Each structure stands twice: as C-alpha cells, then as structure tokens.
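Novice: Need coordinates for the below:
(2 chains)
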Amino acid sequence: DAGVTQSPTHLIKTRGQQVTLRCSPKSGHDTVSWYQQALGQGPQFIFQYYEEEERQRGNFPDRFSGHQFPNYSSELNVNALLLGDSALYLCASSWRLGQETQYFGPGTRLLVL
Amino acid sequence: AQSVTQPDIHITVSEGASLELRCNYSYGATPYLFWYVQSPGQGLQLLLKYFSGDTLVQGIKGFEAEFKRSQSSFNLRKPSVHWSDAAEYFCAVVPNQAGTALIFGKGTTLSVSS
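Specialist: A predicted model of the protein is given here:
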C-alpha cells in the first residue's frame, strides 16, 4: 500500500520564478492538504482540496494556488517566488475531508535564491 | 489568540529515562488533538490522537498522551526513551467546527544521551 508520495524531493529556484510541486495521496484517500514548514518551525496550513475544489485556505497570498485532479493527486503552484518561500512543503492526504488522521508525505525541499 | 504552545524548544533525556513533552492549546471548545514525530529530513508520522472518550491515549512506539481539559493540555509521555526516539515532536490540533486543517505547535526537539 503506497503512502503519500511527493515530487520532486528537492528544488532550487531563483526569485521571481514559478514552481509546481506534486503530490499523490495514499491509496483510498480523496482529500489533499498542503503545508509549508519553514526551518525550525511547525508546519503551516496552506490549503486543502476535495472533489477538485479548494475547500479551506490558510493565511497565504494568492501567489499560492493549487489543483486537484480526478485521480485525487494534487499540485501546488507558487508564483513570483520570494526568498521567504524557501521551506519544506508537505502534502497530507485523508478521506472525505475527515478530521481524522492525515497522512503526510516526505515533503519537497524548496530553496529560493 | 487561538494557538498551540509547546513550551520546551529542546529537551535532552538519557536513554532509558522517562520523557514528558508538554502541549497546551487555547481554543474555546476541545479540539481534536494529535502528536506527530518528524525525523531529520523526513515527513511527519502520527504517534497518537485524541477525539473523545478515555483521556489517556495509547500510540505507536510506546508513546501515550493524556488530555486534561482543566489545563487545556495534551502532554506526550514515554516511560523509557530509546536512542531512536531522537527527533522533532509536534503537537497539533484541529479546532472543532472550523474545517479540518491541522494547527501545529512550533515543535520540541528531543535529544537522547547515552
């Protein structure tokens, strides 16, 4: 049973560029949430997708956008990258927007120079 | 302001000694409560969770946590720490009736000395 997978594992970009991160949920899950974890901090919720729609959003600017595909996989897009966007981006999956267990992927480490 | 507080940034425990990591939350109603562990360069692994019922919750790897409503706390414990327990520990909540986003504390780094 495959867990949550994310790609790529590492990424280096320069300021102003755009980046797309990808996530495949755990088998049987239909909800994907994205979190940003800055160095030395706890993860912060970016947004959540269910039935291909954004259902909940944290306190992140519109530069952060996402998409969910019919197979439940998801993408996180960040435009006009800032140095402060450097972080570990974590994807979590769950079932039916449940408040129960969210399973996390290994994350994508983004470095913005 | 609503928040999750982990008062201890870094704790060092001798191998075989007991461990308690503290977590306090400030939400009006009892939220759903979680403890996650993160090893270096890894994602988050769920240790245990509390939704309702018995206030003492058993988790994986020999961890347990106790919910105390009067203190708005959900402290994590382990009777005997192993060197492999060295990691970052995060307390998280899902505020009831406020979506399903996890709100994390800033984490506690656990070091284990021999």
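
Novice: And the residue of chain A that's closest to chain B?
Specialist: Residue nearest to chain B within chain A (C-beta to the nearest C-beta): residue A:42, separated by 3.3 Å. Every residue, glycine included, has its C-beta placed from N, CA and C.

Novice: Could you say which helix or strand holds the nearest residue to residue B:23 once chain neighbours are set aside?
Specialist: Nearest residue to residue B:23, sequence neighbours excluded (C-beta to C-beta, 6 or more residues apart in numbering or on different chains): residue B:91, at 3.4 Å. Under the criterion of DSSP states H and E, residue B:91 resides in strand B:87-94.

Novice: Which strands or helices does whichever helix or strand comes after that strand pack on?
Specialist: The helix or strand immediately downstream of strand B:87-94 is strand B:103-104, counting by DSSP H and E. Contacting strand B:103-104 under the criterion 3 or more C-beta pairs under 8 Å, 6 or more residues apart in numbering or on different chains; DSSP states H and E are the following elements: strand B:87-94.

Novice: Leaving out the residues flanking it, which one is nearest to the most centrally placed residue in chain A?
Specialist: Compute the mean C-alpha point of chain A, and by C-alpha atoms, centre = their mean the closest residue is residue A:34, 3.2 Å away. Excluding its sequence neighbours, the residue lying closest to residue A:34 (C-beta to C-beta, 6+ apart) is residue A:46, at 4.3 Å.

Novice: name the element that neighbour belongs to?
Specialist: strand A:44-50.

Novice: Direction included, what does that strand pair against?
Specialist: Sheet pairing of strand A:44-50 (DSSP bridges) gives strand A:31-37 (antiparallel), strand A:53-57 (antiparallel).

Novice: Can you show me the CA trace of that strand as PDB?
Specialist: Extracted C-alpha coordinates of strand A:44-50, given in PDB (Å, rounded to 0.1, in the frame of the first residue of the first chain):
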ATOM      1  CA  GLN A  44       1.500  25.900   8.500                       C
ATOM      2  CA  PHE A  45      -1.600  25.000   6.600                       C
ATOM      3  CA  ILE A  46      -1.800  26.400   3.000                       C
ATOM      4  CA  PHE A  47      -5.000  24.900   1.600                       C
ATOM      5  CA  GLN A  48      -7.000  21.700   1.200                       C
ATOM      6  CA  TYR A  49      -8.600  20.100  -1.900                       C
ATOM      7  CA  TYR A  50     -11.500  17.800  -2.100                       C
END
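
Novice: Thanks again, I'm all set now.
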